[in-house]
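>>> structural data only, the sequence is not supplied:
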Ligand code: IPM
Ligand code: MN
């Protein structure tokens, strides 16, 4: 019985999570999925206020014994929540595709790339020190983490255009990014000779995502650079409100929208639920593959198809996508489009 730890999040989090769970419930009925156990766990700003910890001990226990985490956007404490889960569950690959979906106005319609972001180290080890007015942060890059993220990127590239770009700054961080770049190259030479490999410095890569995104198929990069590039790529491909992301480890995974808690529109009923709804779709597909369950795979595809249809026919869209529908109306429409 697969167990899902659900974190509602803050700001618009509870609204978009409610929407996603509604779609999930409906699709599970259609596909006769009766064994998915959903456990809501307090985490984030509200948990911090109540329990004094962004992830209370009880929540952490449940998260650790779950197969997957479905996480809404978290506010001020996002760093604590998300980094603890990524590192604690060893969800080492953060996978963030960006492409222009039909019906969506894009800055660059030709964009179609996947950023594969190392998810456990770099400055996200959060080891910072202050000494005599000098602040120091550790940047950790290991061969092991670089090797395994490289493999993820090359495997994804095999299902796409077979091109990988290493994004780094090895001209300045010669040792850390030098190790990252050299390790990815070695993995390519040893295990994936069929993949075309090139590289770009982070600054130039950022420019090219805007200027000529067709240059990229799969980007493999370190944690912080991946963080920055994926907001940019989400914007270039249309809207951050529809960008979902996957945090994948060998045993477990977490799915979360790329967007944040958007406190400015919280409670107004106009938050775009699509990124969060796509998270449930990806979750079902991941579980389907892991557990070898066709119904989960089909249910995941059904959600994805319903979302694509809603977008391409511009049926019901929230204001961020130029529409005037509410979160609930969009959710209802997606439920109706499930087949
Ligand atoms: C993201 C977020 C997080 C990150 C923050 C909230 C810590 O920006 O998932 O991209 O930096 O990874
Ligand atoms: Mn980010």
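Cool, got the structure. Since the structure is predicted, the reported quantities are computational estimates derived from the model, not experimental observations. Ligands and ions are numbered 1, 2, ... in the order given.

>>> which residues of the stretch 101-250 of the chain lie near ligand 1?
residue 227 (CB under 6 Å from any ligand atom). In this view, the C-beta of every residue, glycine as well, is placed from N, C-alpha and C.

>>> residue of the stretch 101-250 of the chain nearest ligand 1, please.
residue 227 (4.3 Å; CB to the nearest ligand atom).

>>> all strands for the stretch 201-339 of the chain, in order.
218-221, 244-248, 253-257 (DSSP state E, counting those that start in this stretch).

>>> from these, which stretch is densest packed?
With neighbours taken as mean count of other CB atoms under 10 Å, the strands of the stretch 201-339 of the chain reach their highest mean count in strand 218-221, at a mean of 29.

>>> what is the burial count for residue 78?
Residue 78 has 19 neighbours, counted by other CB atoms under 10 Å.

>>> is it true that it touches residue 258?
No. Contact criterion CB atoms under 8 Å: residue 78 and residue 258 do not qualify, at 11.9 Å.

>>> measure whichever residue of the stretch 1-150 of the chain sits closest to ligand 1 to residue 39 for me?
When scored by CB to the nearest ligand atom, the stretch 1-150 of the chain has residue 78 as its residue closest to ligand 1, at 3.4 Å. Taking CB to CB, to the nearest Å as the measure, residue 78 falls 21 Å from residue 39.

>>> now stretch 223-241: how far from the chain's centre is it?
Centroid separation between stretch 223-241 and its chain, computed with CA atoms, centre = their mean, to the nearest Å, is 10 Å.

>>> now do it, average pLDDT.
The predicted model gives stretch 223-241 an average pLDDT of 94.

>>> if you go through the stretch 51-200 of the chain in chain order, where are the strands?
Using DSSP E, counting those that start in this stretch, the strands of the stretch 51-200 of the chain run over residues 68-71, 93-99, 112-118, 128-131, 134-137, 163-168, 196-201.

>>> any idea which of the ones you listed is most buried?
Burial of the strands of the stretch 51-200 of the chain is given as mean neighbour count (mean count of other CB under 10 Å); strand 68-71 ranks first at a mean of 26.

>>> can you pull out the residues in contact with that strand?
Applying CB atoms under 8 Å, 6 or more residues apart in numbering, the contact partners of strand 68-71 are 2-7, 9, 17, 20, 63, 81-82, 85, 89, 252-256, 279-280, 283, 286-287.

>>> average pLDDT across that strand?
98.

>>> do stretch 31-38 as well
Mean per-residue pLDDT for stretch 31-38: 96.

>>> buried ones in it?
For stretch 31-38, the neighbour count (16 or more other CB atoms under 10 Å) marks 31, 33, 36 as buried.

>>> shouldn't the first one be in contact with residue 294?
No. Under the contact definition of CB under 8 Å, residue 31 does not touch residue 294, with a separation of 9.1 Å.

>>> in stretch 302-310, what's buried?
Applying 16+ other CB under 10 Å to stretch 302-310 flags 302, 303, 304, 306, 307, 309, 310 as buried.

>>> between these, which is nearest residue 216?
Nearest to residue 216, judged by CB to CB, of the buried residues of stretch 302-310 is residue 304 at 22.6 Å.

>>> which of the contacts of strand 68-71 fall within helices?
Judged by DSSP state H, helices contain the following of those: 17, 20, 63, 81, 82, 85, 279, 280, 283, 286, 287.

>>> so who does the last one touch?
Under the criterion of CB under 8 Å, 6+ apart, the contact list for residue 287 reads 2, 36, 67, 68, 293, 296.

>>> got these as CSV, with distance to ligand 1 columns?
CSV is the format used below for these (distance: CB to the nearest ligand atom, whole Å):
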residue, distance to ligand 1
2, 24
36, 25
67, 21
68, 17
293, 28
296, 25
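
>>> figure out which of the strands of the stretch 51-200 of the chain is closest to residue 220.
Of the strands of the stretch 51-200 of the chain, nearest to residue 220 by CB to CB is strand 112-118, at 4.8 Å.

>>> can you spell out which helices and strands pack onto the closest one?
strand 93-99, helix 143-158, strand 218-221, helix 223-236 (3 or more CB pairs under 8 Å, 6 or more residues apart in numbering; DSSP states H and E).

>>> try it again with 10 Å
Where contact means 3 or more CB pairs under 10 Å, 6 or more residues apart in numbering; DSSP states H and E, strand 112-118 is packed against strand 93-99, helix 143-158, strand 163-168, helix 202-211, strand 218-221, helix 223-236, strand 244-248.

>>> among the ones you listed, which is nearest residue 321?
Of all the helices and strands packed on strand 112-118, it is helix 223-236 that lies closest to residue 321, at 13.2 Å by CB to CB.

>>> okay, buried residues for that closest one please.
Buried residues in helix 223-236, counted by 16+ other CB under 10 Å: 223, 225, 226, 227, 229, 230, 232, 233, 234, 235, 236.

>>> which members of the residues you listed are the farthest-apart pair?
The widest separation within the buried residues of helix 223-236 (CB to CB) is 20.7 Å, between 223 and 236.

>>> for the residue nearest the centre of the chain, which non-adjacent residue is spatially closest?
Centroid-nearest residue in the chain: residue 245, 1.7 Å away (criterion: CA atoms, centre = their mean). Excluding the flanking residues, the one nearest residue 245 by CB to CB, 6 or more residues apart in numbering is residue 96, at 4.7 Å.
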